[in-house]
Structures are given as structure tokens and as C-alpha cells.
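**Student:** build me a model:
(one chain, ligands or ions: 1)
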Amino acid sequence: MPTLALPKFTFSDRARVVGIQLLTGRITGDFDDGQCDGPNRVVRRPGAHLEMTLREWTERYQREIVFTNVRYRGVSTWKNVLDLWVLQEISWETDVECVIEIGVRYGGTSLWLSDTLRNFRGPTGSVISIDLEAPAIQWPANVTFICGDSMAESVVEEARSLSRGRRTMVIADGDHAAAHVLQEMKQYAPLVSTGCYFVVEDGIVDVMHWKEYTPGPMVAAEQFVTENDEFVIDRTREKFLLTYSPRGFLKRIRPSGQTA
Ligand SMILES: C[S@@+](CC[C@H](N)C(=O)[O-])C[C@H]1O[C@@H](n2cnc3c(N)ncnc32)[C@H](O)[C@@H]1O
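**Tutor:** Presented below is the predicted three-dimensional model:
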């Protein structure tokens, strides 16, 4: 049987492959360990990508996944999927009936919350979704969409009246500027039931120092708890380490208006 003569592979070939990857920004996404057995081929070593740091993973998730490649029932969902699991655990453990989601975008998370609460609570589980613009989806019966600025008193009042007397969690995922988030927290915190959570999304921008977005939600959450002793930051909810809400799971430990 004739032997197949493979071309001898040189250091400059390897450098060329890595160079191309750097130019295309694919080096972390390619899961390769850089060994080559031909001019344009990289040998993939299973598991090489596990040597990525959590920071590199987060950069990759932000760059290649979150905005384009996470969907629920086919609808774009701008979430770290590990955080969805944490939200599900919180909803069950705190017996939430009503979730107020500020900032909806395409609506994937709203649909996921709608299904999750209906599964847990039956017909009483519902979602109040707020955004400046309505997404192009069909809302399920247990979602009320409020179109408007989350800060507008009429919007806060509608959310308040829809959630009154129900175990309520708030998720802030709208405008992420620290000053905006802090103000939003002051307006919506009274709607959160005792034992339930105010979830401040995307504090990851502060940890990652993504300058165009900072100071962001984590700064607001930390400031909020220095001024408000009704909430504590529950870091046990960051158990997966990879969260977009560092210091963003705030638990109400005493009723609104009750001082320590
Ligand atoms: C990060 S996206 C929300 C992603 C969504 N929660 C998800 O998980 O897929 C932010 C959304 O907040 C909305 N938004 C920004 N500022 C707002 C405001 N002041 N009031 C209401 N919605 C706002 C934007 O229109 C945008 O759709």
C-alpha cells in the first residue's frame, strides 16, 4: 500500500494560521490548541477550550453568543443562560406570583418567565413586561406589556396596581447607566415583596470594565444597599460564578417602610 506523503509542516505555517485567527478574532471561539498538520488545518484537541479563563469565556459569550445566539421558543433572549436557571430557582424558592421585567428587547426572557411562572403557579403566575418599544411577538395571556419609560410615574403606577397584593420580583434590565438604575431601584423596590428579590442585570459591565457602559448596574446596586437596609446583596445566587448580575441579586429582608 502506498504511503501518503504529508507536507512537512513548519513554524511559519503555524504562525500563519494563528495570525489569520487573530485577524478574524476567532482564536478563542475555535477551541483549538494550535497544533497543525497541514497548511490550513488546525488539529482540534478535545477540551483545549477548557483552559480559557472565566474572563475570556465572558468576552466570548458577549461577542459571539448573547445578542445573536440565545433563543427561547425561537425568540432572541439576551441572557447568560446560567442566570435564567438562578431566576428559576429564586422564583420557586420565594413562591413568586408576579415578575416585573424592565427592558424586554425581543421578548425571549418575557416568554421564558411567562412559561416558568405558569408551570409553577398555574394561572396566577404572571409577568409585567415594560419597554420603550413593543417587541414583535404574540404575548401569552399571562403577560401584560406596558409600553413606556420605566421611570414615568404612570408606568410605575400601572406596575404597582397590577402587582399589588401578589408576591412580586423585579428584574431591572433596561437602561444600564448607574444613575438610571439607582433611580429605577428607588421607584420599583417598594413593589418587591418581603423575601423576594430585586435583580439588577448586567453589572458584569462594571466587573469587565467595558468602558462604554460604565459606571453601570453593579455600582448602582452597591450604592442602593448603602442607602437602604431593607435589602441585602445575596451572593449565594452567584454560585455558578459566570453571572451577568454580579452583586445584582438583592433580597428584601424586611417590609417596605419598616426600619431596622
Ligand atoms: C438589555 S435589553 C433587554 C433584554 C431582555 N431583558 C432580555 O433578557 O432579552 C434593554 C431594553 O431596555 C429597554 N429600555 C431602555 N431604557 C428604557 C426605559 N427607560 N424604559 C423602558 N425600557 C427601556 C430598551 O428598549 C431595550 O429593549
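
**Student:** I figured G103 was touching V181, is that so?
**Tutor:** No: counting by C-beta atoms under 8 Å, G103 does not reach V181; the two are 10.5 Å apart. No exception for glycine: its C-beta is placed from N, CA and C like everyone else's.

**Student:** what's the pLDDT at the closest residue to D95 other than its chain neighbours?
**Tutor:** Leaving aside its sequence neighbours, D95 sits nearest to R167 (C-beta to C-beta, 6 or more residues apart in numbering; 5.6 Å). Here, the pLDDT recorded for R167 equals 98.

**Student:** for R167, give me its contacts.
**Tutor:** T94, D95, V96, E97, C98, S193, G195, C196 (C-beta atoms under 8 Å, 6 or more residues apart in numbering).

**Student:** the helices in the stretch 1-150 of the chain, which residues?
**Tutor:** Secondary structure of the stretch 1-150 of the chain (DSSP state H, counting those that start in this stretch): helices at 11-24, 54-60, 81-93, 108-121.

**Student:** so of these, which one's packed in deepest?
**Tutor:** Comparing these on average neighbours per residue, with mean count of other C-beta atoms under 10 Å, the densest one is helix 108-121 at a mean of 21.

**Student:** that one near the ligand at all?
**Tutor:** Yes: contact of helix 108-121 with the ligand (C-beta under 6 Å from any ligand atom) involves G108, T109.

**Student:** so for the closest residue in space to E230 that isn't next to it in sequence, what's the pLDDT?
**Tutor:** Distances taken as C-beta to C-beta, 6+ apart put R254 closest to E230, at 5.3 Å, once the chain neighbours are dropped. With respect to pLDDT, R254 scores 97.

**Student:** how many residues are close by the residue nearest to Y213 when sequence neighbours are not counted?
**Tutor:** Excluding its sequence neighbours, the residue lying closest to Y213 (C-beta to C-beta, 6+ apart) is V205, at 3.8 Å. When neighbours are counted by other C-beta atoms under 10 Å, V205 registers 22.

**Student:** tell me the contacts of V205?
**Tutor:** V205 neighbours (C-beta under 8 Å, 6+ apart): H176, Y213, T214, G216, P217, M218.

**Student:** what's the answer for E184, then?
**Tutor:** I102, S150, M151, A172, G174, D175.

**Student:** counting neighbours, what do you get for the third one?
**Tutor:** Per other C-beta under 10 Å, the neighbour tally for M151 reads 15.

**Student:** distance of it from the ligand?
**Tutor:** To the ligand, M151 is 6 Å away according to C-beta to the nearest ligand atom, to the nearest Å.

**Student:** skip the chain neighbours and tell me the closest residue to the residue of the stretch 51-200 of the chain found nearest the ligand.
**Tutor:** Taking C-beta to the nearest ligand atom, the ligand has its nearest neighbour within the stretch 51-200 of the chain at G103, 2.9 Å off. The shortest distance from G103 to any non-neighbouring residue, by C-beta to C-beta, 6+ apart, is to G174 (3.3 Å).
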